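Visitor: sequence first, predicted coordinates after that:
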Amino acid sequence: MSELIDLVAHLFDSTNQLFTLVKDRFSTNVSESFTSMTPKQWLRLVIFVGGYMLLRPYIIKLGAKHQEKQMEKQFKEEEERQAQISPNELRGQQIGLPEDSDDDEQVETTASDWGKKARKRQRNMIKKLLDTEEKRLQELQEDEEDKDIEQYLVG
């Protein structure tokens with residue numbers, strides 16, 4: 001137990017010595033750098049600091065404009081992405097059409113081309129089903145609107 005206490009005491013002593021060393025070196029280096037500066041170096045320091053103070057507001061404005069343009073661009077991209085959502089996706093229906101692979105350029109048939117007509121038929125059937133469902137939903141919505149209007153006209 002006493003060894004542990006000795007180790008902790010040694011750790012605190014070492015940390016204290018390190019802190020004191022860093023503080024002394026920092027204060028010595030800073031004071032030496034200012035006392036040993038020539039008039040040319042002082043003038044150079046004043047020019048840099050003054051230039052920074054004069055240009056800082058303009059640099060901040062330039063950065064703000066750049067950031068605003070970037071945010072507008074990001075906002076436009078977000079709106080375009082949201083605009084590309086189909087009505088079915090908004091309703092929660094996500095039915096994907098198989099991608100069109102109608103390549104009429106191939107003349108010779110292979111084993112992989114045998115199901116080409118079946119894929120076309122399937123694609124066309126899915127398109128027809130989606131179109132009829134869209135029409136049905138549109139008619140339902142129109143009927144509901146007519147009932148609302150009729151309520152105000154009759155009453």
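Guide: Received it, and whenever you're ready, just let me know what you need.
Visitor: ok, now how distant is residue 141 from residue 134?
Guide: If you measure residue 141 against residue 134 using CB to CB, to the nearest Å, the figure is 11 Å. No exception for glycine: its C-beta is placed from N, CA and C like everyone else's.
Visitor: what do you get for residue 151?
Guide: 26 Å.
Visitor: likewise for residue 120?
Guide: Summarising the geometry, the distance separating residue 120 from residue 134, computed by CB to CB, is 21 Å.
Visitor: on that earlier part again, quick one, which of residue 151 and residue 134 is more surrounded?
Guide: For residue 151 against residue 134, the residue with the higher neighbour count under other CB atoms under 10 Å is residue 134, and the figures read 12 against 9.
Visitor: whichever strand or helix holds that one - contacts with which helices or strands?
Guide: Residue 134 belongs to helix 116-154 when elements are defined using DSSP states H and E. Packing contacts for helix 116-154, counted by 3 or more CB pairs under 8 Å, 6 or more residues apart in numbering; DSSP states H and E, involve helix 87-91.
Visitor: for the helix it packs on, give the mean pLDDT please.
Guide: Taken as a whole, helix 87-91 has an average pLDDT of 67.
Visitor: same question, stretch 52-69
Guide: Per-residue scores along stretch 52-69 average to 96.
Visitor: contact partners for residue 37?
Guide: residue 45 (CB atoms under 8 Å, 6 or more residues apart in numbering).
Visitor: using the three-state scheme, assign it.
Guide: The three-state label given to residue 37 by DSSP: H, G, I helix; E, B strand; the rest coil is coil.
Visitor: what's the pLDDT at it?
Guide: The predicted structure scores residue 37 at 90 on the pLDDT scale.
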